[in-house]
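Colleague: Fold the following and give me the result.
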Amino acid sequence: MAERTLPTAGMSPADFYSEAIDRPLVYVEATAKVTGKQAVRANTYYSATSGDFTANYFNSTYTGVGTGSVRALTGQADMSATQTTQSGEQQLVGVHGRAKVSGTSYSSALVVAGVIAQLLAGGTWTAVNKAYCLWVDNQLATDPTSGTVAMIGIRQNNGVGTDVVDHVFDVYGAEIKQLFNFDGCISGGFITASATAGTMTHTVKCFVDSVAAYLHLYSV
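Modeller: Prediction:
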């Protein structure tokens, strides 16, 4: 089939070349200067008393035997212009997950989460490099002139001033070998070099209200 040119806006089927897809199955391009607009929006309503419902389900299966990579969903937010103004807190977010109870929660079996990340069982696992339920990876190589850079940001941000959050981390399950694995963090990192076994051998550097503090670790 001859190549077709996708429109600059709107929706189009894919261009097919032999058995390969060289164009996206769905192409949407939108330009907006009005706040609160969305390029794609799906509103769904589920009223059954049991079962599961998924508003958008993406499944990507790799059927090759080579070195290909598969990502079911990729979100990228890009700032291509130069900011000249600022107001309040602005966000540049690749993927935004939210959960909300606008009615009344009743079931003690209910689990509410903005994002859930899982490793599923199945198949035959032999060798892997790493296997993560959640992968956080920094590739930023430029140190901003102001502000803070962190791998994970955790905020208690409800504004009510009461202790609603019970734990920063809720770890469940006895089949976990270690709580943390610090690898490559000593040379120029935040952990001191080891000393004599059986004594305090490492300190982990932290900041408490902008003041340096240290957690003491012991080896056996």
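Colleague: per-residue confidence at Val171?
Modeller: Note on Val171: pLDDT of 92.
Colleague: whoops, Ser18 was the one
Modeller: 45.
Colleague: ok, now Gln178?
Modeller: pLDDT at Gln178 comes out at 89.
Colleague: likewise Ala2?
Modeller: Value for Ala2, per-residue pLDDT: 48.
Colleague: same check, this time on His167
Modeller: Confidence score, pLDDT, at His167: 92.
Colleague: what's the burial count for it?
Modeller: Neighbour count of His167, defined by other C-beta atoms under 10 Å: 6. All C-beta atoms are positioned from the backbone trio N, CA, C, and that covers glycine.
Colleague: got it, and Thr61?
Modeller: Thr61 is flanked by 6 other residues according to other C-beta under 10 Å.
Colleague: So it versus Val70, what's the distance?
Modeller: Distance, Thr61 to Val70, by C-beta to C-beta, to the nearest Å: 7 Å.
Colleague: And the helices in the chain?
Modeller: Per DSSP state H, the chain carries no helices over any range.
Colleague: worst-scoring helix or strand of it, pLDDT-wise?
Modeller: strand 16-17 (a mean of 44; mean pLDDT, DSSP states H and E).
Colleague: Give me the below-cutoff pLDDT ranges for the chain.
Modeller: Along the chain, the parts satisfying pLDDT under 70 run over 1-25, 193-200, 220.
Colleague: Look up how far Ser102 lies from Val158.
Modeller: In this structure residue 158 is Asn, not Val. For Asn158 relative to Ser102 (C-beta to C-beta), the value is 16 Å.
Colleague: Between those two, which is the more surrounded one?
Modeller: Asn158 (9 against 4).
Colleague: Next, count neighbours for the nearest residue to the more buried one once chain neighbours are set aside.
Modeller: Leaving out its chain neighbours, the residue that sits closest to Asn158 by C-beta to C-beta, 6 or more residues apart in numbering is Val164, at 6.0 Å. Val164 has 8 neighbouring residues, counting by other C-beta under 10 Å.
Colleague: cool, His202 as well?
Modeller: Around His202 there are 18 residues (other C-beta under 10 Å).
Colleague: can you pull up the bridge partners for it?
Modeller: Leu217 (DSSP bridges).
Colleague: I'd say the residue nearest to Asn158 and Asn157 touch.
Modeller: No. Using C-beta atoms under 8 Å, Val164 is not in contact with Asn157; the gap is 10.7 Å.
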